[in-house]
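Visitor: coordinates for the following, if possible.
(2 chains)
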Amino acid sequence: MFAYLVRRLFLMLVTLFGISIVIFLLLRIVPGNIVDILFAAAGYVDPADKANLEKELGIDQPLIVQYWHWISGFLRGDFGYSYVSEKPALQEILPRIPITARLAGLALLFSASIGIPLGVISAVKQGTRLDYALRVVSLSGLSLPSFWLGLLILTASVAMFGQMPIFNPNPQTWLEAFTTYAVPAAAVGFRSAALTMRITRSSMLEVLRQDYIRTARAKGASDAAVNYRHALKNAILPVITVIGIEAAFLIGGLIVTETVFNIPGVARFLVEAIRWRDYPIVQNLVMLIAVVVVSANFIVDMLYAVFDPRIRYTD
Amino acid sequence: MRSVWALAAMAALSVLTASTITLAGEPKQGGVLRMYHRDSPANASILEGATYSVNVPFMGVFNNLVIYDQHIAQNSPDTLRPELAESWSWGNDNKKLTFKLRQGVKWHDGKPFTSADVKCTFDLLMGKSQQKLRQNPRKAWYSEVNEITTSGDFEVSFDLKRPQPSLLAMLASGYTPIYPCHVSPADMRTHPIGTGPFKFVEFKANESIKLTRNPDYWKKGLPHLDGIEYTIITNRSTAILAFVAGKFDMTFPTHITIPLLKDIKSQAPNATCVVEPTNVSTNIIVNSASAPFDNIDIRRAVALALDRKAFVDILFEGQADIGGTMLPPPQGIWGMPKDKLETITGYGPNVNANREEARKLMQKAGYGPDKHLAVKVSTRNIAEYRDPAVILIDQLKSIYIDGELDVVETANWFPKVARKDYMLGLNLTGNSVDDPDQSFYENYSCGSERNYTNYCNKEIEKLFDVQSQQIDVAKRKELVWDIDKKLQEDVARPIIFHARAGSCWQPYVKGVTIMSNSSYNGFRYEDLWLDK
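Guide: Below you'll find the predicted structure:
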């Protein structure tokens, strides 16, 4: 087990090192830096001022020096300063993380709590009008972009109620908290819910055709017992896998949803930082996300190994 | 008899005026103005900024030496008012401008304002101080200033190389606040200190900007508002929906396109909306350094192919202006009158005849129905650029030019233009002051950094200086019109149209004036108030 742990840990570090190189180089491959963008906004370029500013920000140095400066700082917990706001990068990043985490968590909760039950119902009621209706809902969920759905929700709420949920970082009431997080979470989670519904349905249909389900019915088990105790328990594994994968894809949906609902989360912040080529923010933020994802994988690997000895001996 | 009618008219006018005042009511103190902001500005330093994303939210933090009257829509030499200067006077040779400064003014941190601050500010702008601005986009405004001298704490003089009456116009721009000597340019980017009606509270990038009332403002009783809060919403649809839902008291100024204005008026019929020119022209930049546009015939053909009215009808439902370099009247002070404008190549009302002439020029250059000229039309990846570029490509077809849209990301646009890596470009030019000195020197003088095409005509440049020194406004106008005409006929940077845009506010917001010949100079907001 110790050798397995060391090997996995080593692989994790190699992965993170690779990611750091990729992030760093990709940002430099994208044309233009913060100075170009500042001067583009100013509508002129003064070569001397441009050179001074590049020197001030340290982006005139060789790439290897810039990389070492960044990565050594990251390892020490020194994230540097945002080029745009000139505030410490960590101070800019940290307050935004919980906002996006809450939004992502709620979106996943929405996805599971809507997608799984509806998927089961759709499978159990296969071929009925209800099944067709639910399949249309799931198809629309996969087809509607979250930004469009978000705008639809905002327009409808303004047209019908004359109100609009604007992000409130300190909600005072449950209603405020609900409008702050739940509505955008629903907009972004709708796609995941639709996907979950489809996977649950197909997985359930497969399980419901198994012999042991027929046996359970022959034994006189109730429909509810067969569907939920026997079938769903066995059908849920691929669903959980899909929800896990969706969690990683969620960031894409959150970027547009945070923009539409004007939520100052980390996803929108990352896109804005990329637009400004704000290297200290982008590099450190992406690296933090990478560390979280890779660490989560590492922990899952360890847990698999703990629970299934075959893995730690054969890997 | 005539005098009786005049008396009656005056009486009626005075009754009307009195009733207007009664209806408007006395300004009420208090309340926080909530506005959305279209964009997250790079920082809070107006002197380093070049977009009104910076000077809209931060203009209220500062004062200028002089300022345009904030309640007269048209900026002109007649609407200049003293602010930190109590008065100004020109020397006999019109080469020395002296300001008597207001006494007892304090910076937001309590330090006294003196003439040293004025000198510091302009030394910074002229690049003469030890401290440097990161960016100095309007350095050229002060190229005729020799030096700034102080005489005691409350008098300051600008010594000029030659007369330049427009200097006052530059000083009145929202882009020319006075900065304190005791705060570094770097700190002014993150926590600006001014003498203005509102104190800076915080700026959270992509989130919000907050200002609060300056209780020690030197104008007693002002500002009326307790503060201003800008919520940064980059998505225009979301921002407008929030305004309609009453979450905001005002839209971001001149942020509403003409088609969107109808939506707002139907969803929020009580809102007050105005449409004004922005003094931003949409124009064509031509790379005359290399073939095929080194051929003046082809450049002229492009100018002749334009159907400006079609652009205005499609993009602005008819609500935009056709003019030359300077914003056309009645809002523009210096623009050519219509009859003079129509004498310029390509501005004649008969588009078919213009295009016929253009086709002849193209044939002279070797192109025709069987041999089209393939051209890349480069522009920035922003709707305000892309949409007119598409129309331009369509119009160029009529003169044997096959245009291909080349969309360029903002970060690459100016480097690409600077290295002349384009053939034809569609460009937008914003003028922060409606004055020929700002526009001519910035955009058309040899060697200017914002002269993207490197257009250089020494004869015309001499005329720039002649008009610049002319004290008499009427005589200066005549000179300016002649120069403007020459610039259009030289196809220096053909102007397609001058845009207009809408601004809206809720009915209880009082004292808003949207400037009609500048979208940069009207955001002090010190006597804006909320009637609720």
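Visitor: all helices of the stretch 101-250 of chain A, in order?
Guide: A:129-143, A:146-161, A:174-177, A:183-208, A:211-218, A:223-224, A:233-260 (DSSP state H, counting those that start in this stretch).
Visitor: now render those as CSV, adding mean neighbour count and distance to residue B:316.
Guide: C-beta here means a position set from N, CA and C on the backbone, and glycine is covered the same way. Converted to CSV, those look like this (neighbours: other C-beta atoms under 10 Å in any protein chain shown; distance: least, C-beta to C-beta, whole Å):
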stretch, mean neighbour count, distance to residue B:316
helix A:129-143, 15, 35
helix A:146-161, 17, 24
helix A:174-177, 11, 40
helix A:183-208, 24, 33
helix A:211-218, 13, 67
helix A:223-224, 9, 64
helix A:233-260, 18, 27
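Visitor: so can I have CSV of these showing distance to chain B and mean pLDDT?
Guide: Shown next, in CSV, are those (distance: least, C-beta to the nearest C-beta, whole Å; pLDDT from 0 to 100):
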stretch, distance to chain B, mean pLDDT
helix A:129-143, 20, 92
helix A:146-161, 5, 85
helix A:174-177, 13, 77
helix A:183-208, 11, 90
helix A:211-218, 49, 85
helix A:223-224, 44, 80
helix A:233-260, 5, 79
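Visitor: can you put those in TSV and add distance to residue B:462?
Guide: Shown next, in TSV, are these (distance: least, C-beta to C-beta, whole Å):
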stretch	distance to residue B:462
helix A:129-143	64
helix A:146-161	55
helix A:174-177	66
helix A:183-208	61
helix A:211-218	95
helix A:223-224	94
helix A:233-260	51
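Visitor: out of those, which comes closest to residue A:24?
Guide: For the helices of the stretch 101-250 of chain A, the distance to residue A:24 is smallest for helix A:233-260, at 19.6 Å, taking C-beta to C-beta.
Visitor: how about the residues of the stretch 151-300 of chain B near chain A?
Guide: With the criterion set to C-beta under 8 Å from any C-beta of the partner chain, the stretch 151-300 of chain B comes near chain A through B:186, B:189-190, B:203-207, B:231-235, B:237-238, B:241-242, B:244-247, B:267.
Visitor: among those residues, which are located in strands?
Guide: If you go by DSSP state E, those have B:203-204, B:231-232 in strands.
Visitor: for the stretch 201-350 of chain B, which residue gets nearest to chain A?
Guide: Nearest residue of the stretch 201-350 of chain B to chain A: residue B:245, at 3.9 Å (C-beta to the nearest C-beta).
Visitor: residues contacting that residue?
Guide: Residue B:245 makes contacts with A:157-158, A:162-164, as judged by C-beta atoms under 8 Å, 6 or more residues apart in numbering or on different chains.
Visitor: can you tell me the closest non-neighbouring residue to it?
Guide: The shortest distance from residue B:245 to any non-neighbouring residue, by C-beta to C-beta, 6 or more residues apart in numbering or on different chains, is to residue A:164 (3.9 Å).
Visitor: the one you found contacts residue A:155, correct?
Guide: No - using C-beta atoms under 8 Å, residue A:164 makes no contact with residue A:155, being 9.2 Å away.
Visitor: common neighbours of the two, please.
Guide: With contacts taken as C-beta under 8 Å, 6+ apart, residue A:164 and residue A:155 have residue B:241 as neighbours in common.
Visitor: can you name the residue of the stretch 1-150 of chain A nearest chain B?
Guide: residue A:32 (2.8 Å).
Visitor: tell me the SS of the closest residue in space to that residue that isn't next to it in sequence?
Guide: Using C-beta to C-beta, 6+ apart and skipping residues adjacent in sequence, the residue nearest residue A:32 is residue B:411, 2.8 Å away. Here residue B:411 is recorded as helix under DSSP: H, G, I helix; E, B strand; the rest coil.
Visitor: what about residue B:411, how many neighbours?
Guide: Residue B:411: 23 surrounding residues under other C-beta atoms under 10 Å in any protein chain shown.
Visitor: now swap in residue A:86 and tell me
Guide: 12.
Visitor: what sits against the closest residue to chain A within the stretch 51-200 of chain B?
Guide: With C-beta to the nearest C-beta, the shortest gap between the stretch 51-200 of chain B and chain A falls at residue B:137, namely 4.4 Å. Taking C-beta under 8 Å, 6+ apart as the contact definition, residue B:137 lies against A:42-44, B:48-50.
Visitor: ditto for residue B:27
Guide: B:224, B:510-511, B:527, B:529.
Visitor: restricted to strands, list those residues.
Guide: B:510, B:529.
Visitor: SS state for residue A:306?
Guide: Classification of residue A:306 using three-state DSSP returns helix.
Visitor: ok so, going back, mind putting the contacts of residue B:27 in JSON lines, neighbour count, pLDDT and distance to residue B:406 included?
Guide: Output for the contacts of residue B:27, formatted as JSON lines (neighbours: other C-beta atoms under 10 Å in any protein chain shown; pLDDT from 0 to 100; distance: C-beta to C-beta, whole Å):
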{"residue": "B:224", "neighbour count": "21", "pLDDT": "98", "distance to residue B:406": "50"}
{"residue": "B:510", "neighbour count": "18", "pLDDT": "97", "distance to residue B:406": "47"}
{"residue": "B:511", "neighbour count": "17", "pLDDT": "96", "distance to residue B:406": "45"}
{"residue": "B:527", "neighbour count": "17", "pLDDT": "95", "distance to residue B:406": "47"}
{"residue": "B:529", "neighbour count": "24", "pLDDT": "98", "distance to residue B:406": "49"}
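Visitor: so the closest residue to chain B within the stretch 201-315 of chain A, which state does it fall into?
Guide: Residue of the stretch 201-315 of chain A nearest chain B, by C-beta to the nearest C-beta: residue A:264 (4.4 Å). Of the three states, residue A:264 takes coil according to three-state DSSP.
Visitor: neighbours of the closest residue to it other than its chain neighbours, just the number please.
Guide: Sequence neighbours aside, residue B:207 is the residue nearest to residue A:264 in space, at 4.4 Å (criterion: C-beta to C-beta, 6+ apart). Neighbourhood size, residue B:207 [other C-beta under 10 Å]: 21.
Visitor: report the residue ranges of every domain in the chain.
Guide: No chain specified, so I'll use chain A. Listed by the TED database, the domain ranges of chain A are A:1-90, A:96-312.
Visitor: that's the wrong chain, I wanted chain B
Guide: B:32-231+B:506-530, B:277-500.
Visitor: could you dump those to a markdown table with distance to residue A:293?
Guide: Shown next, in a markdown table, are those (distance: least, C-beta to C-beta, whole Å):
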| stretch | distance to residue A:293 |
| --- | --- |
| domain B:32-231+B:506-530 | 24 |
| domain B:277-500 | 29 |
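Visitor: right, and those domains - which one's nearest residue A:3?
Guide: Nearest of those (C-beta to C-beta): domain B:32-231+B:506-530, 47.1 Å.
Visitor: off-centre distance for that closest one?
Guide: 15 Å (C-alpha atoms, centre = their mean, to the nearest Å).
Visitor: how about the residues of the stretch 1-150 of chain A by chain B?
Guide: A:31-33, A:36-46, A:49, A:52-53, A:56, A:82, A:84-87, A:92.
Visitor: can you rerun that using 6 Å?
Guide: With C-beta under 6 Å from any C-beta of the partner chain as the criterion, the stretch 1-150 of chain A comes near chain B at residues A:31-32, A:36-37, A:40-45, A:53, A:84-86.
Visitor: any idea how far residue B:492 lies from residue B:451?
Guide: Between residue B:492 and residue B:451 the computed distance is 9 Å (C-beta to C-beta, to the nearest Å).
Visitor: if anything else comes up later, I'll come back, but that's it for now.
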